[in-house]
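**Student:** Next come a sequence and a model predicted from it.
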Amino acid sequence: MTDGQQAADRFILFTVAGTTYAVHSHDVHHMEMIEEVTRVPNAPPFVDGVVFSRGHVIPVVNLRARFGFERVPHTLRTRLVVVQAAAGRIVGLIADEAREFVVLPAHAIQPPHDTLAGLSGRYLQGIASVGDRMILVLNLERVLDFGAIAAAGEPPVADAASA
Amino acid sequence: MSPSELPAGDEPSSDFLNDYFAECDEHLMGVRRLLLRLEQSIGRGDINTSVLDELFRHFHSLKGISGMVELRPAEELSHRAEDYLRALRRHDVRLSPEGVNALFDATQLFEQVVNARRSGGVIPAIDAAVATIAGLVSARPADLAAPVPGAPAGAPLTPHWRFLFAPSRELVGRGIRVDLIRTRLTALGEIIHAAPHVTDSGMIAFEFIVATGADAETIAALQQDGVTAERLPDASVVSDPAAAVDPEWPAVGEPSPVAGSVAPSHVVRVDLTRLDDLMRNVGDLVISRARLGETLARIESHVPAGEWRAVQENALVIDRQLRTLREAIMRVRLVPIGEIFRRMPFVVRDLARETGKRVRLQLQGQSTEIDKFLIERMMDPVLHLVRNAVSHGIETADERVAAGKRPEATITLSASTAGEIVTLEVADDGRGIDVEAVRSRAAGAGLDPATAGDAAGLLELLCAPGFSTRDESDRASGRGVGMAVVKSTVEELGGVLRMETAAGAGTRFIVELPVTLAITDALIAKVGAETFAAPQAAVREVIAVPLSAIRALEQNEITPYRGGVLPLVRLSRLFGLADAARDTLHVLVVGTGGSALGLAVDRVVGQREIVVRAATDPLVKVAGISGATDLGDGRVVLIIDPAALARQMRGRPAGVVDGIAGGGGR
């Protein structure tokens, strides 16, 4: 999906619970303010619901819930990062804030440590250090895949212990 | 619906190719229909020459258009088929079963070649098929050998013209493209040869050789649209000698007499995605109109009554016009269901030949119209049901005779409309479904055999993933999509699959689908703070039920209804919402008879036209929700699928009350 390993690429940065995450810019469709989300009964626990985005009905994934943090109320800084994933899927990710993009040279992105194989480690494609900042590069496929979660029938937090 | 398919940018003209594929489909359909008729002539002295002529014309066209897209294997195959037909027509060879089979095989191979071109796959080898036909043709007496290539076979009956069309930005701007020109030329006469050329200036031009009796004026008129014409000397004919018009084939030069069809020049092929865009635009209009309505309602009290009436009248006119526009677009999308039916005789014939059974296929209601999108999605499921009927449903001729039936089985494929619902049926007069066999098979596959208590339960087992009633060696089932896919496709399209079966008398599969998707009438209901829409077509009636009239029966709730009882499901509990704080609930009655079910909501607040938007992402694809809509305020309102909810509740094991499994059921 992403070819971040090959050259210097542009990434969109956003923060979730104080941590900076990155997704490849060509995976980002657009960003928008978040409006009212319609809850979808019996959807996975980290899915807040659906919204209309440019005429399409798209699921809204709460990244805080996905990464095992408490949900917080939306603020003026809360953003819906609309990403385009494999198989033509378009999904909105709720981030606490999303304001910058960076160019990351391929060599700056290291594969995640084994010791980081906890909850967020499972969703990472790599880790980049820029100056004194640490940026976690997301693997969208895994973030958006709920097959494993649904099969386990457990919330993501409990799931992480076995990983 | 999703524009996931990227345009093939590196093709010389992808529109042109799409047109080629569509045209191939049409000709192949004709070829198959005619081959079935030709087959009946085997062993008889007289072959119906009009069938031969028509077949020849189809192959001839296929050859021409294949040459134009430079798909050489396809061109070669149709060329060979032509050879054999020509030999038949001249009585050089006798019609044999081998010959007909060779044509069938060549047709199938042709389709595979075209499909490979379409999907970018590997184009299958055609050598064997070509050699087979060549062998059949060369079996004729030596003195009647094929006309020497290059030597004119005689003066053609109609004059030949060479047309050259060079597309330009200006022409495209006027909507004039090569497919339009080709359609026009086809209307003039027979296209003998067509090929793309690179002109001296490096542009692409298309050359057409057309046999036409059209007058000079008609031909001159084409020049306004970038076409140059030149009459060819009669004797020299064509750059493609194999396509030379055969004097024994007088019909070739005439336009093909397709009875009852619209003249080709009046037909426009439209990409379905363009219609979808148009439909989405109308959907947006409907939503804007609803928004305007809400704004107007807010300002009503501030406007003088006389002015208000004028506003109101205009609003009503817009409503009516919107409805007309919507219906017009829907009509464009409707196509006769015969498109699905037409290939079935071929499938049945093939399969009957493989299984050694005798089958008669009856088609009814081919002209029933249905949304083009539904046609495309239903093609494979119907194909599967028909294949199932042949390979599982009906018995061999011997078995049938032993059972006191006619040796020839009948499979009936029918379509009809009632209101907004299209009903498709695939019925056979075979052995019926062996309930015991299904049960033991189910047990073997780890399913609950007790489910097969009635036809609905039996169907559920048949449609369970991993269930198949015959050995894996059965060729037919291996090619099909499987009953599980049939069921899920029908349900995805908002339809219902039912089945009736009687031992010894046959089986009937019934598919009920909405005629159109996109826009529908719906009831708007409130459950707690949430709003839901329920398609009106699925709801029989809405009744008010006081809480005092609801009785708990074990894990279920029931209420008196029309002299009986109605099982109730509270949407609030199903969806994990708060129960209503009121003493009367509104209940949507869905289903009939024994399968009737009441969906309880807090209240029904209105009824209106909604635009159905798909919600297809796996994250939000949950049982009982069929899509989403916008009531004008930009907020998503979920559309519930009452029929799916009812199914879900019936299939639910006793004791489970709270929530339907979101992850498990999909």
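**Tutor:** That came through, no problem.
**Student:** Just want to check the distance between A:Phe52 and A:Ile135.
**Tutor:** When distances are taken as C-beta to C-beta, to the nearest Å, A:Phe52 and A:Ile135 turn out to be 31 Å apart. Using the backbone N, CA and C atoms, a C-beta is placed for each residue, glycine as well.
**Student:** dump the residue contacts of A:Phe146.
**Tutor:** Taking C-beta atoms under 8 Å, 6 or more residues apart in numbering or on different chains as the criterion, A:Phe146 is in contact with A:Pro44, A:Phe46, A:Val47, B:Pro618, B:Leu619, B:Gly663.
**Student:** which one is the fourth one nearest to, not counting chain neighbours?
**Tutor:** The shortest distance from B:Pro618 to any non-neighbouring residue, by C-beta to C-beta, 6 or more residues apart in numbering or on different chains, is to A:Phe146 (7.2 Å).
**Student:** Just the pLDDT at residue 16, thanks.
**Tutor:** By default, I'm working from chain A. Here, the pLDDT recorded for A:Val16 equals 93.
**Student:** let's do chain B instead
**Tutor:** As summarised for this prediction, B:Phe16 has a pLDDT of 70.
**Student:** quick one: which of the contacts of A:Phe146 has the most company?
**Tutor:** Counting by other C-beta atoms under 10 Å in any protein chain shown, A:Val47 has the largest number of neighbours within these, with 24 neighbours.
**Student:** tell me the contacts of it?
**Tutor:** Taking C-beta under 8 Å, 6+ apart as the test, what A:Val47 contacts is A:Val40, A:Pro59, A:Val60, A:Val61, A:Asn62, A:Phe146, B:Leu619, B:Val620.
**Student:** what are the bridge partners for it, then?
**Tutor:** Beta-bridge pairing of A:Val47, defined through DSSP bridges, involves A:Val61.
**Student:** Relative to chain B, how far out is A:Pro41?
**Tutor:** Here the criterion is C-beta to the nearest C-beta, to the nearest Å. By it, A:Pro41 lies 3 Å from chain B.
**Student:** Hmm, that residue is touching B:Ile640, no?
**Tutor:** No: if you go by C-beta atoms under 8 Å, A:Pro41 and B:Ile640 don't touch, sitting 9.4 Å apart.
**Student:** which outside residues touch stretch B:336-350?
**Tutor:** Under the contact criterion C-beta under 8 Å, 6+ apart, stretch B:336-350 has outside partners B:29, B:32-33, B:35-36, B:39, B:104, B:359, B:361, B:363, B:365-370, B:375, B:378-379, B:382-383, B:386-387, B:390, B:411, B:413, B:415, B:422, B:424.
**Student:** picking up where we left off before, make JSON lines out of the contacts of A:Phe146 and add pLDDT.
**Tutor:** Formatted as JSON lines, the entries for the contacts of A:Phe146 read as follows, by pLDDT from 0 to 100:
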{"residue": "A:Pro44", "pLDDT": "91"}
{"residue": "A:Phe46", "pLDDT": "92"}
{"residue": "A:Val47", "pLDDT": "94"}
{"residue": "B:Pro618", "pLDDT": "86"}
{"residue": "B:Leu619", "pLDDT": "89"}
{"residue": "B:Gly663", "pLDDT": "36"}
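**Student:** what about the helices in chain A?
**Tutor:** Secondary structure of chain A, counting by DSSP state H: helices at A:63-66, A:140-144, A:147-152, A:156-161.
**Student:** what about A:Gly131, how many residues close to it?
**Tutor:** Every residue meeting other C-beta under 10 Å relative to A:Gly131 is counted, giving 5.
**Student:** filter the contacts of stretch B:336-350 to the buried ones?
**Tutor:** B:29, B:32-33, B:35-36, B:39, B:104, B:359, B:361, B:363, B:365, B:368-370, B:375, B:378, B:382-383, B:386-387, B:390, B:411, B:413, B:415, B:422, B:424 (16 or more other C-beta atoms under 10 Å in any protein chain shown).
**Student:** Let's see which of those residues end up in strands.
**Tutor:** Within those, membership in strands is found for B:Val359, B:Leu361, B:Leu363, B:Glu369, B:Ile370, B:Ile411, B:Leu413, B:Ala415, B:Val422, B:Leu424, as judged by DSSP state E.
**Student:** Skip the chain neighbours and tell me the closest residue to the first one.
**Tutor:** So the one you mean is B:Val359. B:Ala352 (4.6 Å).
**Student:** just checking, that neighbour touches B:Leu361?
**Tutor:** No: the pair B:Ala352 and B:Leu361 does not pass the contact test of C-beta under 8 Å, sitting 9.2 Å apart.
**Student:** what about B:Leu285, how many residues close to it?
**Tutor:** Close neighbours of B:Leu285, defined as other C-beta under 10 Å, add up to 16.
**Student:** Checking my notes, it in a helix, right?
**Tutor:** Yes: inclusion of B:Leu285 in a helix is indicated when DSSP: H, G, I helix; E, B strand; the rest coil is applied.
**Student:** With chain A as the reference, measure out to the closest residue to it other than its chain neighbours.
**Tutor:** Sequence neighbours aside, B:Leu322 is the residue nearest to B:Leu285 in space, at 6.0 Å (criterion: C-beta to C-beta, 6+ apart). Going from B:Leu322 to chain A by C-beta to the nearest C-beta gives 18 Å.
**Student:** circling back: for B:Val332, state which of the ones in strands among the buried ones among the contacts of stretch B:336-350 is nearest.
**Tutor:** Distance ranking of these against B:Val332, using C-beta to C-beta, places B:Glu369 first at 11.0 Å.
**Student:** dump the residue contacts of that closest one.
**Tutor:** With contacts defined as C-beta under 8 Å, 6+ apart, B:Glu369 is in contact with B:Leu334, B:Val335, B:Pro336, B:Ile337, B:Thr417, B:Val515.
**Student:** Show me where chain A dips below the pLDDT cut-off.
**Tutor:** Scanning chain A for pLDDT under 70 picks out A:1-7, A:55, A:114-121, A:147-163.
**Student:** Enumerate the residues of it near chain B.
**Tutor:** Taking C-beta under 8 Å from any C-beta of the partner chain as the measure of proximity, chain A contacts chain B at A:35-36, A:38-44, A:47, A:49-52, A:55-59, A:61, A:87-91, A:144, A:146, A:149-151, A:153.
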